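**Student:** Prediction below, plus the sequence it came from.
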Amino acid sequence: DAMVIQNPRYQVTQFGKPVTLSCSQTLNHNVMYWYQQKSSQAPKLLFHYYDKDFNNEADTPDNFQSRRPNTSFCFLDIRSPGLGDAAMYLCATSTHMETEQYFGPGTRLTVT
Amino acid sequence: GNSVTQMEGPVTLSEEAFLTINCTYTATGYPSLFWYVQYPGEGLQLLLKATKADDKGSNKGFEATYRKETTSFHLEKGSVQVSDSAVYFCASQRGKAAGNKLTFGGGTRVLVKP
């Protein structure tokens, strides 16, 4: 089945230690998104890639970066995680910006 | 601006009860509307959608109708099961001029008891 895959499902990192979260898709979608979801809240869009074009949300901290080396993979890098960055990180894809988004299962990040 | 408001939870129901989760949106034009469901510890799954006024989205016994006159997209299910316990998010998506971004409501937690 075509799908959105996120690895790992659970990630523990130390305060200030860089961490990378991974997302891959077999849907061949053009757009890949990263969302941050804190407990009991709606997902918050961090950035997205349309093909190779990167689009950052205005309020996304500089601590968050992303890479998309090819159509299938997209990475979220947190350069110096703080305790406030503990959250579920969701990857989503869509064929185009105006079509529905398909979400992966998420990576729950814990910062110790 | 673009916003989505949905009823706060938690909503606690008995099995086979009728479920309604209210959702209203504010947006210029005609956004696409979605309901996503999030089971414990999981990502969001698209439950249903509607792209124009009077469209009815349906899936797994859930239904929602795009009501332009009341700017609403209420989610309903006639007979819930324990397995429907989850958080439900209403979302709208405006067109290209608005960046095609999804705007989520705050989520409604539903707990179905046997």
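**Tutor:** Great, that's in hand.
**Student:** where does chain B have low pLDDT?
**Tutor:** B:1, B:95-99 (pLDDT under 70).
**Student:** Up against chain A, what does chain B have?
**Tutor:** Within chain B, the positions near chain A by C-beta under 8 Å from any C-beta of the partner chain are B:32, B:34, B:36, B:41-46, B:49, B:89, B:93, B:95-96, B:99-102, B:104-107, B:109. Placement of C-beta: from N, CA and C, glycine included.
**Student:** how many other residues sit next to the closest residue to B:Gly78 other than its chain neighbours?
**Tutor:** Closest residue in space to B:Gly78, ignoring its immediate chain neighbours: B:Phe18 at 5.8 Å, by C-beta to C-beta, 6 or more residues apart in numbering or on different chains. The burial count assigned to B:Phe18 is 10, neighbours taken as other C-beta atoms under 10 Å in any protein chain shown.
**Student:** What of B:Pro10?
**Tutor:** For B:Pro10, using other C-beta under 10 Å, the count is 11.
**Student:** so it makes contact with B:Gly107?
**Tutor:** No. Using C-beta atoms under 8 Å, B:Pro10 is not in contact with B:Gly107, being 10.3 Å away.
**Student:** For the nearest residue to A:Asn63 once chain neighbours are set aside, which residues are in contact?
**Tutor:** Nearest residue to A:Asn63, sequence neighbours excluded (C-beta to C-beta, 6+ apart): A:Arg79, at 5.3 Å. Shown in contact with A:Arg79 (C-beta atoms under 8 Å, 6 or more residues apart in numbering or on different chains): A:18, A:63-65.
**Student:** can you pull the contacts of A:Gln37?
**Tutor:** A:Gln37 neighbours (C-beta under 8 Å, 6+ apart): A:43-44, A:87-90, A:106.
**Student:** ah, wrong one, I meant A:Cys23
**Tutor:** Contacts for A:Cys23 (C-beta under 8 Å, 6+ apart) come out as A:4-6, A:32, A:34, A:73-76, A:91, A:104.
**Student:** ok, what's across the strand from it?
**Tutor:** Residues in a beta bridge with A:Cys23, per DSSP bridges, are A:Gln6, A:Cys74.
**Student:** From A:Thr13, how far off is it?
**Tutor:** Going from A:Cys23 to A:Thr13 by C-beta to C-beta, to the nearest Å gives 17 Å.
**Student:** ok, what's across the strand from the closest residue to B:Ser58 other than its chain neighbours?
**Tutor:** Leaving aside its chain neighbours, B:Ser58 sits nearest to B:Leu48 (5.9 Å; criterion: C-beta to C-beta, 6+ apart). Bridge pairing for B:Leu48 (DSSP bridges) gives the partners B:Trp35.
**Student:** B:Leu48: neighbouring residues, count only.
**Tutor:** Counted with other C-beta under 10 Å, B:Leu48 comes out at 20.
**Student:** Mind giving me the packing neighbours of the helix or strand containing A:Met88?
**Tutor:** Using DSSP states H and E, A:Met88 sits in strand A:87-94. Strand A:87-94 sits against strand A:4-7, strand A:19-25, strand A:31-37, strand A:73-78, strand A:102-103, strand A:107-111, with contacts defined as 3 or more C-beta pairs under 8 Å, 6 or more residues apart in numbering or on different chains; DSSP states H and E.
**Student:** Show me what the residue nearest to the spatial centre of chain A bridges to in the sheet.
**Tutor:** In chain A, the C-alpha nearest the mean C-alpha coordinate belongs to A:Trp34, at 3.1 Å (C-alpha atoms, centre = their mean). Using DSSP bridges, the beta-bridge partners of A:Trp34 come out as A:Phe47, A:Cys91.
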